[in-house]
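**Student:** the sequence and its predicted three-dimensional model are supplied below.
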Amino acid sequence: MRLILLGPPGAGKGTQAQRLQDAYGIVQLSTGDMLRAAVAAGSEVGLKAKAVMEAGDLVSDDIMVRIISDRIDQADCANGFILDGFPRTVAQAEALDVMLKEKGLKLDAVIEMEVDDGVLVDRISGRYTCGNCGAGYHDHNLKPKKDGVCDRCGGTEFVRRADDNAETVRSRLQVYHDQTAPLLPYYRARGVLQSVDGMAAIDDVTGAMKAILEASQGID
Ligand code: AMP
């Protein structure tokens, strides 16, 4: 099963991708996580990406397309993957179409998470992840069952993203509307876009996504 999750920063793409990963044994491919790992490792890509990410801008299409193309070829993607944060521009979507065709792969679904801008700054500024396994949490909406202990791995160290501050969030939302929202008509015109209410409870959003995936016939 292969799918794209679309939606603004803070829509809950990462949270839902983790749930779908656990439910279907497919891999979450978060380009944001990959870039953060590259920054932490000080690699060539990381050095190029750091300032761009801190400003809330987009890393170049060339770099992103290469990262995803290489990642999809790895053995753990054979069963399927969830694209979380890619594509983010129409040029990336076009490159993805070509890439999948060349690799003989088809998408099963493109799912948009619809969320009002008004809640996004609060959602993003409250979020944090387990420093060990990356499980996502939120100060108000999604706390670990035991305070200070990760539900998934028992880790006790948590981290917040450098770009999850109010000022950068506003730039990221603007970039989303200018550069990523045009993907909605791109996929809608091809009759493959499905939407879920990203304002609903987390479990309900997962349920709506599973219903879409289980009814999916694949996308040519
Ligand atoms: P995310 O974790 O998806 O919110 O991504 C964090 C940051 O990484 C974004 O604000 C961009 O600077 C960069 N980034 C992630 N994915 C992409 C992409 N597909 N194209 C360009 N930049 C990206």
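**Tutor:** All right, it came through fine. Numbering: from 1, shown residues only.
**Student:** how long is stretch 168-183 from one end to the other?
**Tutor:** 22 Å (Cα to Cα, to the nearest Å).
**Student:** what does that stretch rub up against?
**Tutor:** The contact list for stretch 168-183, computed with Cβ atoms under 8 Å, 6 or more residues apart in numbering, reads 6, 8-10, 54-58, 87-90, 93, 117, 120-121, 124-125, 163. For glycine as for every other residue, the C-beta is placed from the backbone atoms N, C-alpha and C.
**Student:** among those residues, which lie within strands?
**Tutor:** With DSSP state E as the criterion, strands contain residue 6 from among these.
**Student:** overlap between the contacts of stretch 168-183 and the residues near the ligand?
**Tutor:** For the ligand, the contacts drawn from the contacts of stretch 168-183 by Cβ under 6 Å from any ligand atom are 9, 56-58, 88, 163.
**Student:** re earlier: of the contacts of stretch 168-183, keep whichever come out buried.
**Tutor:** The neighbour count (16 or more other Cβ atoms under 10 Å) marks 6, 8-10, 56, 58, 87-89, 93, 120-121, 124, 163 as buried among the contacts of stretch 168-183.
**Student:** state the pLDDT value of the residue in the chain that the ligand sits nearest to.
**Tutor:** Residue nearest to the ligand within the chain: residue 32 (1.8 Å; Cβ to the nearest ligand atom). Reported pLDDT at residue 32 in the predicted model: 96.
**Student:** and the closest residue to it other than its chain neighbours, what does it touch?
**Tutor:** Spatially, and ignoring its direct neighbours in sequence, residue 32 is nearest to residue 85 (4.8 Å; Cβ to Cβ, 6 or more residues apart in numbering). Contacts here follow Cβ under 8 Å, 6+ apart; on that basis residue 85 touches 13, 30-32.
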